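Asker: Here is a sequence together with a model predicted from it:
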Amino acid sequence: QTVYLKDYTPPDYLIDQVELVFELDEQRTLVRAGLDVRRNPDSRSASEALTLFGEELLLVGISLDGQALAAGDYTLSDEALTIHRVPGDRPFRIDIENIIDPQANTALEGLYLSSSMLCTQCEAQGFRKITWFLDRPDVMSRFTTKLIADKTQYPVLLSNGNKIGAGNLDGGRHWVAWQDPFAKPCYLFALVAGQLEYVADEFTTVSGRRIALEIFVEAHNVDKCGHAMQSLKNAMRWDEETYGLEYDLDLYMIVAVDHFNMGAMENKGLNVFNTKFVLARPDTATDSDYEHIEGVIGHEYFHNWSGNRVTCRDWFQLSLKEGFTVFRDQQFSGDRSSPAVKRIEDVNMLRTRQFAEDAGPLAHPIRPEAYIEINNFYTLTVYEKGAEVVRMLHTLLGAAGFRQGCDLYFKRHDGQAVTCEDFVKAMEDANGVELTQFRRWYSQAGTPVLEVEQAFDAGRLTLTVKQSCPPTPNQPEKLPLHVPIKLGFLAADGSPARFQYRGEFCEEATVSLTEAEQRFVFESLTEKPIVSLLRGFSAPVTLKIDRDPEELAFLLSYDSDTFNRWEAGQQLVSRIIFGLIADIQAGRTLTANPVLTEAFRAILADAGADLSYRALLLSLPDEGYLGGQMAVVDVEAIHQAREFVRLSLATALSAEFQRVYAEHHQDESGCFDASAVGRRRLKNACLSYLTALEKPDSYALAETQFRSARNMTDQIAALSAVVNSRNPTKADCLDSFYRQWQREALVVDKWFTLQATCHMPETFATVQSLMQHPAFDMKTPNRVRSLVGAFSQSNPLHFHARNGDGYRFLADRVIELNTLNPQIAARMVGGFAQWRRYDTDRQALMTRELRRIVETEHLSKDVYEIASKSLA
Ligand code: ARG
Ligand code: ZN
């Protein structure tokens, strides 16, 4: 049941037009589909049969050119309907009638019920759960959709494109018809029906067209759409200004639904969103939520070109649209806030989570070669590493060259379903360059390692760079990649040192590493400089270079590259933490490091820097990221060492943390602007350090902030401080938070997550009792992620408890979810994927649970693929 990229063949038939009619009902929706089919001139097969995909459908009737087919004319299986003979020499019409049950659809793929509204999710292969179809992205059709439903229960009826008619019917029913003028693959089809309110606005495009913008939500959420709407307008303007891309329909609709497997979906003209990425009010959403909303609204909007107008030939090409669109949304978010801060956040996420994926049993190239279940390949690799690969093209070609490549790509392929190869080719052709070696980034998995050695002699610095890449599943040997390395040098006083590279004088350069080992020579330096390599994280690699703590502290003070300045701090802290881990493992007593204390004192005293950036400089590397750098992950020692650093910094600098806290603390209702966000970030970072002191003063500080907060950022930060300490008011604060917010599902999610990620000893018991909480629901993905996902993926200390309780807990949840929602179940299995990185006792415990999962009856493809590949 594995599908291979190498087996791709063009479709035998094409469907030019689709006419859909839905008679909507919670349990018995009737679907009529009229398909205008013709043989594909590019077909390579001689078969006279037409096979349409379809799953979990009840067939009512089927006809060909108006003639009802008899049972002997076709074959039905669990996954397809094959009509034995269709005309090969002329277009023909297929009419299908079938019934589906949205209420029974807890997998949330196809047509399903979310609260009281009906909605769809078709990417990747959900359309086949609506009706039989050529459900593959290289079949592009023009859709008209007529929705019929009870007018009271479903007053709002939406689908893609423009509304072309509406009317009343007998029996209290009504209908609305929609037409999408753009041909599209069926994965971009959507419909929504329900009692929805909407917020309306408009946008005038650069060429003067007026676009109606509408965000649909349940009535109690209309007051939380303002930020999403503003974000949409910002994204529309940004794409015009940055890529010269304009919106193409007269209407852009967004619907927010409570039950959604992923973040959001770019259906043509009718995006469906997880409420988490739409709804925000300062008292219910944090500053990070505001940022994520803007990012995801941008992402789905940008798909209108990178994904919809130019789509994917097959699902192996997923990164063609996702990597590119993530890159675009990263650029957008950076431009909207602070490019420096955004870059650090993105790299941090990539290195903490994608690097782990790339180093484990599920590693795959950004263009995978095989899959069992495509939904399992909506991964950090395809999305985030895919974005890094696009970013490297941007770095290598420069902003203008990259833009020319994009222009050519969109012009050449508008209306087509294409491949990653087509994208790279457009970049080459527009720039007159050759990217043959660069293409290996699409086919090779694993995180490359760069080892750098330096030699300085008479004004000349020689860097010797070696690249290698560890083996990954099915890829034992790797070829050298084309790696852009952006670099600069610092003089002894911290100022940029000028140098000559290939005859040109510069302060910064991007060099291309293409060999397994390569030498780079920089001349005209007056003294031996401190090198700053891989600036802006110019390639998704691990960099190894010998540096002492003083050199790291120097870079942390002076590097003009904001990414590398932060990175130097992270390296410094990591190195200290690894020293402490060694001490813990050897039973030595721990001592604080004065170099780090002084570096942090300087950051706290530096009144100049951007406050959000300063908060990042004060952040300690994540426990998961630290674990990723150990041969055998020692969860307890990592936690203990990291907490020791937090406590020693808090102890040595308590006056500074208090001063900075007081300087930036304001009782505010929480407006979302860069300076207010920065203030809150920095202040709450200080609060977190002060909490480590476990002193009455810091308890009071956290409790006071919690009780008086008028915005969610401050409220949840304070609650986190309370919960992650021995604060005596903990139970009371948690309780009052729940009572205050029990009607706001997204805030209740935060309440679950906070407890699931707590590092205090009682956490596992709390998680188990939260499973019994009336607000917990296995059928709501956000809730499952907020408790089960948060515990297993963001609480290494307790999830990896030596006794195996965390593992058994997760496997039990996976088995329950397997029948309810295979996609979410498969995501949860991910918690076990890194089992090889732990000690033998834990390995045995984790593999036992993985085997228990694999042996479960009626195992979904989704779970089977992740669990079995994890064990392999
Ligand atoms: N294309 C969507 C996005 O990234 C993701 C939808 C994926 N859904 C899924 N079930 N695999 O914006
Ligand atoms: Zn996307």
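Answerer: Sure thing, it's come through. Ligands and ions are numbered 1, 2, ... in the order given.

Asker: quick one, helices of the stretch 101-250 of the chain?
Answerer: 226-243 (DSSP state H, counting those that start in this stretch).

Asker: What residues does it have near ligand 1?
Answerer: Residues of the stretch 101-250 of the chain that fall close to ligand 1, judged by C-beta under 6 Å from any ligand atom: 123-124. In short, each C-beta sits where N, CA and C put it, glycine included.

Asker: Give me the pLDDT value at the residue in the stretch 101-250 of the chain that ligand 2 sits nearest to.
Answerer: Closest contact between the stretch 101-250 of the chain and ligand 2, by C-beta to the ion, is at residue 123 (8.8 Å). pLDDT for residue 123: 98.

Asker: check contacts around the residue nearest to it when sequence neighbours are not counted.
Answerer: Excluding the flanking residues, the one nearest residue 123 by C-beta to C-beta, 6 or more residues apart in numbering is residue 187, at 4.2 Å. Contacts for residue 187 (C-beta atoms under 8 Å, 6 or more residues apart in numbering) come out as 122-127, 135, 137.

Asker: now do residue 703
Answerer: 718, 722, 727, 729, 733.

Asker: Give me the subset of the residues you listed lying in helices.
Answerer: Of the contacts of residue 703, the ones assigned to helices by DSSP state H are 718, 722, 733.

Asker: I figured the last one hits residue 721, correct?
Answerer: No: under the contact definition of C-beta atoms under 8 Å, residue 733 does not touch residue 721, with a separation of 9.8 Å.

Asker: the more surrounded of these two?
Answerer: A count of neighbours by other C-beta atoms under 10 Å puts residue 721 above the other of residue 733 and residue 721, at 25 against 20.

Asker: all strands in the stretch 401-550 of the chain, in order from the N-terminus.
Answerer: 417-418, 449-457, 460-468, 483-490, 499-501, 504-506, 508-513, 517-522, 530-533, 542-545 (DSSP state E, counting those that start in this stretch).

Asker: Keeping just the C-alphas, turn stretch 814-829 into PDB.
Answerer: C-alpha atoms of stretch 814-829 as PDB (Å, rounded to 0.1, in the frame of the first residue of the first chain):
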ATOM      1  CA  VAL A 814      -3.300   6.800  20.500                       C
ATOM      2  CA  ILE A 815      -5.300   3.500  20.500                       C
ATOM      3  CA  GLU A 816      -8.500   5.400  21.500                       C
ATOM      4  CA  LEU A 817      -7.900   8.100  18.800                       C
ATOM      5  CA  ASN A 818      -7.000   5.600  16.100                       C
ATOM      6  CA  THR A 819     -10.700   4.800  15.500                       C
ATOM      7  CA  LEU A 820     -11.900   8.400  16.200                       C
ATOM      8  CA  ASN A 821      -9.400  10.500  14.300                       C
ATOM      9  CA  PRO A 822      -6.500   8.700  12.600                       C
ATOM     10  CA  GLN A 823      -4.800  11.900  11.600                       C
ATOM     11  CA  ILE A 824      -4.600  13.200  15.100                       C
ATOM     12  CA  ALA A 825      -3.700   9.700  16.400                       C
ATOM     13  CA  ALA A 826      -0.800   9.500  14.000                       C
ATOM     14  CA  ARG A 827       0.400  12.900  15.200                       C
ATOM     15  CA  MET A 828       0.400  11.700  18.800                       C
ATOM     16  CA  VAL A 829       2.500   8.600  17.900                       C
END
